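Participant: no sequence on this one, just coordinates:
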């Protein structure tokens, strides 16, 4: 997606596993402070963004299992992946 490419190219970006349910799971994981105490499963595209999503969730202590689909585009998957920029 051109907008995402532009943001990533021009600003420092930190990726965060996101989406409403996944965010709730991450909060529960943070509260429990026991790695692997929470889990999330969902479907993603099979690309570098899904790898980043999986890595971010794992670093937060969440066990994840994503069904990877080669036919899912970045556009259809954006609700499962959040990011923000520290640009000030």
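Facilitator: Thanks, I have it. On a predicted model such as this, the values are computed, not experimentally measured, just so you know.
Participant: contacts and neighbour counts: CA atoms only from here.
Facilitator: Noted.
Participant: find me the pLDDT at residue 31, would you?
Facilitator: pLDDT, residue 31: 94.
Participant: which SS state does it fall under?
Facilitator: Under DSSP: H, G, I helix; E, B strand; the rest coil, residue 31 falls in the helix class.
Participant: tell me the spacing between the residue positioned nearest the centre of the chain and residue 29.
Facilitator: With distances taken as Cα atoms, centre = their mean, the residue of the chain nearest its centroid is residue 17 (2.7 Å). Using Cα to Cα, to the nearest Å, one obtains 13 Å as the distance from residue 17 to residue 29.
Participant: and if you look at residue 64?
Facilitator: Counting by Cα to Cα, the gap between residue 64 and residue 29 amounts to 12 Å.
Participant: residue 70 too?
Facilitator: Residue 70 sits 29 Å away from residue 29, taking Cα to Cα as the criterion.
Participant: between these two, tell me which one has more neighbours.
Facilitator: Relative neighbour count places residue 29 above the other of residue 70 and residue 29, with 20 against 10, counting by other Cα atoms under 10 Å.
Participant: contacts only, for the more buried one.
Facilitator: Residue 29 makes contact with 35, 36, 37, 38, 60, 61, 62 under the criterion Cα atoms under 8 Å, 6 or more residues apart in numbering.
Participant: now rank these by neighbours and give me the top one.
Facilitator: Neighbour-wise, the contacts of residue 29 (other Cα under 10 Å) top out at residue 62, 26 neighbours.
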